[in-house]
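Participant: I need the structure of the sequence given here:
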Amino acid sequence: VTAAVKLIMEEAVTRKFVHEDSSHIVSFCAAVEACVLHGLKRRAAGFLRSNKIAALFMKVGKSFAPAEELCRKTHTTRALNNKTAQSFNQSFLSPQGVKNLWIRTALFEKVLDKIVQYLVENSSKYYEKEAVLMDPVDGPILASLLVGPCALEYTKMKTADHFWTDPSADELVQRHRIHSGHCRQDSPSKRPALCIQKRHSSSSMDERPSPSPSAREYVESLHQNNRATLLFGKNNVLVQPRDDMQAIPGYLSLHQTADIMTLKWTPNQLMNGSVGDLDYERSVYWDYATTIPLHDIVYLHCHQQVDSGGTVVLVSQDGIQRPPLRFPKGGHLLQFLSCLENGLLPHGQLDPPLWSQRGKGKVFPKLRKRLPQGSGSIDSISDKEEEEATDYVFRIIFPNSQSEFGDNNNNDDNLVSSCRTPLKLLCDNMKYQIISRAFYGWLAYCRHLSTVRTHLSALVNHTIVASDVPRDAYKGLTTDVWQRFLQDRTTYEEQELLRLVYFGGVEHSLRKEVWPFLLGHYQFSMSESERMEVDQQVRVCYQQTMREWLACEEIVRQREKEQHAAALAKCSSVASMDSQKMSHRDSTVSNEVFESVEEVEPIETEPKSAEAKQAPRIPNGAVQNETNSPDSGHPSSRNFSVASGVSDGSFSAEDSDGSSEGSSAPSGELRASPLHIDAVVRNEIIERGEGNVNEELLDLYTLNLHRIEKDVQRCDRNYWYFSAANLEKLRNIMCSYIWRHLDIGYVQGMCDLLAPLLVILDDEALAFSCFSQLMKRMNQNFPHGGAMDTHFANMRSLIQILDSELFELMHQNGDYTHFYFCYRWFLLDFKRELVYDDVFAVWESIWAAKYVSSSHFVLFIALSLVEMYRDIILDNNMDFTDIIKFFNEMAEHHNIKQALTLARDLVCKVQLLIENK
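Facilitator: Below you'll find the model as predicted:
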């Protein structure tokens, strides 16, 4: 149910709507129905045993008004469906809709969460003891999960080709496979696009937009959006569509995309929504809306009137004049021409160009009539004539295109050739400027490429490691190779073992032994006795850490119990004061409450204090050593290096011996029954509780403890390994790590990084050490670090160099080259994108790649995932919303072998690029 709710909410965000026939709705209704029917009593089904959900809802409807209304509407819907089926031999409900009709209707009527909540509150009446809704935790959680979907709006509106224009990620991949298969059989050339029309199309080449379900989207596209840039917009521009009509006002907008510039005019009746909703799509005003590509226009006739804002008449290449555009007063005509001129650059221009005047900006050019020979001086032209408003004819020129109108002024040019600069000199100057621009553009590109190469050089190792030298590495690290290495460490060098892991991975049965080496818990040069010594030191340290935070947790629990009792006492006293009883009885009740609390406390604390008196003092009692040590004023300062096997804190050999007896007990037992040392540590913290540091420590640990408990309970609950006992191990390790790193604290996602380690190692102390080593790299990816911005910048540089076509698409469609859709990939090393077996393969490749090819191999895996689907992204012209939706739906469906192979090829490609300087 949780997964189905997540998919529905994502669909609501990405698509802006949820369709009633969505596959997510079908799976959601099936999951909810299974939960509602689980453990249902036989008598609750009544006589309608063929449809238990109907019988249950009808029985609930007798005592719950929303369920009664739901029954009435469901019966009406079913009767209408049966009538339609008999009359037209076709049902208006889909097979899935009929199957889950009651759940679907309750969802669409927004009463499903209320009915389930009622069932949870009255579960003993309808369900057996083992039912989901009888569970005191799962029942309320299920009811809470349904609140979100019940708050959404669902629609039946969908275009006839919806399943083609808005397909799911699986559908896109299947189409890509089918189409690419045909292309391989027919011709080796690059296959054509899938021709999938986008829902959010922002431009059209038609003169008039057709009335279709995308009409409202057409109106929305008139404003600034991620597909086109709005250069100019003005309302109340008058246009006379036909001669027998009066001029009607509308919205004039000028849009620019990567390919074309488009002028659109839409009547105000469509912009303001004054047309009724039923007639909106069929409105006659759609016949008057106009879309004009600017490359079809040759001339603009501008007429300035003193009493109006001016008129523009567009003349196309075939000589046809478009209806005049009449601007309101206020200089909007000049502003339109200025925006048009800026939009045409650098590929086109207006002839004559607008003039720039200091203090005024763009102004109309002051052109003077050519005087005939023998006439007087140009000073004879009166100032009044120059100041009068004049008409202009502007020509749109594209240098790369030739028009039949291009030679009209040749005769005029010949008449004044003697007064102008020689044509040869103009051509020479133009040639010089073109060559100069080309040279400086090439120089800037070379400098940019050199800078990028310098930047990319830090992402890869400069030595290229081959996969087949000295032997084929794609077989990976096998049992035979590993056993020979353990028997004689001289048979294989460390670099050779890492090369085998990088190209072929580790055999699954060996991962528990090999992963501690890859993560730095062991060194490859260590002997067996040295490794045992490291394990012993780590276990002693882990046991000590467990005792410290368990003692602190006991104090936290006691404080919470006292606060809870005080709150209950306060509520009781307030309730008694509000009642109409005597004041003396009020005080008596209040005193009884506080006395009962005081009586309970000695029962819990006395045995522990007596035990503490008999307990010997241990030298490495955590808190006492911390205050005496100059560099350990905070628990997080006592970090240790498991790679070297030496503690960085104040753990001496004497301390280790003294605590070895306590460490012999399994770590899992510490949680159930704390040792007597807990009471000693607890009393030491209480004795110094007057200081601010310890109070802050307790508050900080309390906050992190609640976060950990919340995340541990929901960490991969569907995976077979995480039973209650193993979840307790996960909690112990995470609490121990956070106790030593309270300055960082717990951040959501850390449990996801620990879970695969615990699955493979299945040992608390070993998993704790390996997780500490892993977090040395991963810590910087969390919000308190700065590595995430670096990852995004490196991804931008990589894809800009290795796949410029895809980079341009990302830049044009809303510019999502910030790569925020990769955030979860980098944060968790693709843990939530892959199934567990694939996570194991990816992680060990990342750890080995640090020494073989790149310490930033995670970047190349991310780039390989994008490149695997590049054709789908390009063919469907995906924007940021589309690509997030696509990769969310593709989670746990990736071909990771292909992705790793492509990632290694990309690393090699960058290495070769840097070599060829």
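Participant: just want the most central residue of this structure.
Facilitator: Centre of the chain computed as the mean C-alpha position; nearest residue by C-alpha atoms, centre = their mean is Phe821, 4.4 Å away.
Participant: find the nearest non-adjacent residue to it, please.
Facilitator: Excluding its sequence neighbours, the residue lying closest to Phe821 (C-beta to C-beta, 6 or more residues apart in numbering) is Ile884, at 5.0 Å. Yep, even glycine has a C-beta here, placed from its N, CA and C like the rest.
Participant: quick one: list the elements packing against the biggest helix by length in the chain.
Facilitator: Longest helix of the chain, by residue count under DSSP state H: helix 528-578. Helices and strands touching helix 528-578, by 3 or more C-beta pairs under 8 Å, 6 or more residues apart in numbering; DSSP states H and E, are helix 583-614, helix 622-628, helix 660-663, helix 667-672, helix 676-687, helix 692-713, helix 724-740, helix 764-778.
Participant: run the last query once more with 6 Å
Facilitator: Applying 3 or more C-beta pairs under 6 Å, 6 or more residues apart in numbering; DSSP states H and E, one finds that helix 528-578 contacts helix 583-614, helix 660-663, helix 667-672, helix 676-687, helix 724-740, helix 764-778.
Participant: which other residues reach the fifth one?
Facilitator: In other words, helix 724-740. Contact partners of helix 724-740, identified using C-beta atoms under 6 Å, 6 or more residues apart in numbering, comprise 545-546, 549, 635-636, 704, 708, 712, 746, 758, 764, 767-768.
Participant: ok, of the residues you listed, which one's closest to Ile260?
Facilitator: Here the nearest of the contacts of helix 724-740 to Ile260, counting by C-beta to C-beta, is Tyr746; it sits at 52.8 Å.
Participant: so who does the closest one touch?
Facilitator: By C-beta under 6 Å, 6+ apart, Tyr746 lies in contact with 704, 707-708, 738.
Participant: from those, which two are the most distant?
Facilitator: Using C-beta to C-beta, the contacts of Tyr746 reach their maximum pairwise distance at Arg707 and Ile738, which is 8.8 Å.
Participant: tell me which element Leu337 falls in.
Facilitator: helix 332-344 (DSSP states H and E).
Participant: please read the previous query as pertaining to Val312.
Facilitator: With elements taken from DSSP H and E, the one containing Val312 is strand 311-316.
Participant: do the same with Lys110
Facilitator: Lys110 belongs to no helix or strand when assigned by DSSP H and E.
Participant: mind starting the numbering at 10 from now?
Facilitator: Okay, using 10 as the starting number, the last item reads as Lys119.
Participant: what number of residues are in the vicinity of it?
Facilitator: 16 (other C-beta atoms under 10 Å).
Participant: equivalent analysis for Asn91, please.
Facilitator: Asn91: 12 surrounding residues under other C-beta under 10 Å.
Participant: buried residues in stretch 272-281?
Facilitator: Within stretch 272-281, the residues that count as buried by 16 or more other C-beta atoms under 10 Å are 272-276, 278-280.
Participant: look at Arg716 and Ile747 and report which has more neighbours.
Facilitator: The neighbour count for Arg716 versus Ile747, taken as other C-beta under 10 Å, is higher for Ile747 (23 against 18).
Participant: now what about the strand holding Val321, what contacts it?
Facilitator: So strand 320-325 is contacted by 305-312, 330-331, 333-335 (C-beta under 6 Å, 6+ apart).
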